[in-house]
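Colleague: Everything below, folded, please.
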Amino acid sequence: MGILHDKVALVTGASRGIGRGVAIGLAREGAQIAITSRTMTAADAPALDRGSRRVPGSLAETREALDELGADTLALSADLANVESVQGLVSRTVERFGRIDIVANCAMGFPDDYEGMSFWKSPVTDWDAQNLVGVRSHYLTSYFAAPHMSDRGSGLIVNISSAGAIGEYYNVGFRVAHAANNRLAKAMAFDLKDHGVAALALWPRWVLTERVKLAAEKNHPGFHVEESELADADTPELIGAAIARLAVDPMLMEKSGHIQLIAELADEYNLLDADGRKPRVDAFTRELREKIDCIEAVLDW
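Modeller: Next up, the predicted model:
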């Protein structure tokens, strides 16, 4: 019996990438899972670039993987940019399982390319792709899930973010979306702290998602990945394992409102990745922690 045998998790962006890995990681620990995405089948998958390649993964395939693990799963297609759709997603999850203990906000939109052009020369839709889906949807999912958690006096909301919040990576929309998700987590944590519910931002390093693997094989516009950069990359499932440990950590509320680094959590919880490798707290992680501590000192309550 896993450590989450009595927990219910709602995972957005679960058709592929981090969302799929989080769902699998939580299911391995016994959680009941509600998963959602826009991509129901492989035929619905978006193009990787302006060519013919498509990004692998669909909600149906994630559902199959969870079924193989014996997880009690609810798979729902939802438009996370639509208020009624998100409200219905949360309501159906509670109707099915009776509660929500974990919300993993993993959904993120992607522009057609990351060519690196000045923001005023890129399509204006790049902003919505990353901020409407990647930020506003996190707020909506948390908004409708929070009452169910606060009524029970426990719960965990996780916003997936990255070092793009403080580094000039890719494009303006990407940087702003990740910075916003950190601030959103801290702001929600402030409102939730007296209700026993935690909210935090989680920063992975390089993650072996389908997009990253395809880019390593053949870089597409503005998104360049070298095989050597992936030597210490984490699997998406490791992120799910970290969230599982967070959910049952008796000191969780002390982590609420703060940025958590996957490498540090793997070290703290003694997690091993899928290949048996223990993630390293490397120089990059230590440098990030120093910068994060400076930022959080300014924002501290």
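
Colleague: Okay, now the unreliable bits of the stretch 51-200 of the chain?
Modeller: Counting by pLDDT under 70, the stretch 51-200 of the chain shows low-confidence ranges at 51-54, 112-117.

Colleague: can you pull out the helices in it?
Modeller: 59-68, 83-97, 125-131, 137-152, 172-192 (DSSP state H, counting those that start in this stretch).

Colleague: Can you add mean neighbour count and give those helices back as TSV?
Modeller: Every residue, glycine included, has its C-beta placed from N, CA and C. Below are the helices of the stretch 51-200 of the chain laid out as TSV (neighbours: other CB atoms under 10 Å):
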stretch	mean neighbour count
helix 59-68	18
helix 83-97	17
helix 125-131	19
helix 137-152	20
helix 172-192	21
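
Colleague: can you put those helices in a markdown table and add distance to Gly276?
Modeller: Listed next are the helices of the stretch 51-200 of the chain as a markdown table, based on distance: least, CB to CB, whole Å:
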| stretch | distance to Gly276 |
| --- | --- |
| helix 59-68 | 20 |
| helix 83-97 | 33 |
| helix 125-131 | 34 |
| helix 137-152 | 33 |
| helix 172-192 | 30 |
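
Colleague: out of those helices, which comes closest to Phe110?
Modeller: helix 125-131 (6.1 Å; CB to CB).

Colleague: Please name every helix or strand in contact with that closest one.
Modeller: helix 172-192 (3 or more CB pairs under 8 Å, 6 or more residues apart in numbering; DSSP states H and E).

Colleague: Report the angle between the helix it packs on and helix 137-152.
Modeller: Orientation check (axes from the mean of the first three to the mean of the last three CA atoms, to 10 degrees): helix 172-192 against helix 137-152 gives 10 degrees.

Colleague: Just give me the neighbour total for Trp120.
Modeller: 7 (other CB atoms under 10 Å).

Colleague: quick one: it from Ala189, how far?
Modeller: For Trp120, the distance to Ala189 equals 35 Å [CB to CB, to the nearest Å].

Colleague: repeat for Glu168
Modeller: Counting by CB to CB - Glu168 and Ala189 are separated by 27 Å.

Colleague: Next: Ala241.
Modeller: Taken as CB to CB, the span from Ala241 to Ala189 is 22 Å.

Colleague: Could you do Ile100 as well?
Modeller: Distance, Ile100 to Ala189, by CB to CB: 17 Å.

Colleague: likewise Arg277?
Modeller: Arg277 sits 32 Å away from Ala189, taking CB to CB as the criterion.

Colleague: residue contacts, the residue most central in space within the chain?
Modeller: Central residue of the chain (CA atoms, centre = their mean): Cys106, 2.8 Å from the mean position. Residues near Cys106 by CB atoms under 8 Å, 6 or more residues apart in numbering: Val11, Thr12, Gly13, Ala14, Gly17, Ile18, Gly19, Val22, Ile160.

Colleague: which one is it nearest to, not counting chain neighbours?
Modeller: Gly19 (3.6 Å; CB to CB, 6 or more residues apart in numbering).

Colleague: ok, that neighbour - how many residues close by?
Modeller: Neighbours of Gly19 using other CB under 10 Å come to 29.

Colleague: Please tell me I have it right and it contacts Val11.
Modeller: Yes - the pair Gly19 / Val11 is scored as a contact, 5.6 Å apart, by CB atoms under 8 Å.

Colleague: Mind listing the shared neighbours of these two?
Modeller: With CB under 8 Å, 6+ apart, Gly19 and Val11 have common neighbours Ile35, Ala104, Cys106.

Colleague: Dump those residues to a markdown table, plus distance to Ser77.
Modeller: Below are these laid out as a markdown table (distance: CB to CB, whole Å):
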| residue | distance to Ser77 |
| --- | --- |
| Ile35 | 10 |
| Ala104 | 17 |
| Cys106 | 16 |
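
Colleague: Just give me the closest of those to Asp194.
Modeller: Distance to Asp194 across the shared contacts of Gly19 and Val11 (CB to CB) is lowest for Ala104, with 23.1 Å.

Colleague: which residues does that closest one contact?
Modeller: With CB under 8 Å, 6+ apart, Ala104 has these contacts: Ala9, Leu10, Val11, Thr12, Gly19, Val22, Ala23, Leu26, Val158, Ile160, Gly240, Ile243.

Colleague: Distance to Ala233 and secondary structure for the residues you listed - can I get that in CSV?
Modeller: Putting the contacts of Ala104 into CSV (distance: CB to CB, whole Å; DSSP: H, G, I helix; E, B strand; the rest coil) gives the following:
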residue, distance to Ala233, secondary structure
Ala9, 24, strand
Leu10, 26, strand
Val11, 21, strand
Thr12, 22, coil
Gly19, 17, helix
Val22, 16, helix
Ala23, 19, helix
Leu26, 20, helix
Val158, 20, strand
Ile160, 15, strand
Gly240, 15, helix
Ile243, 18, helix
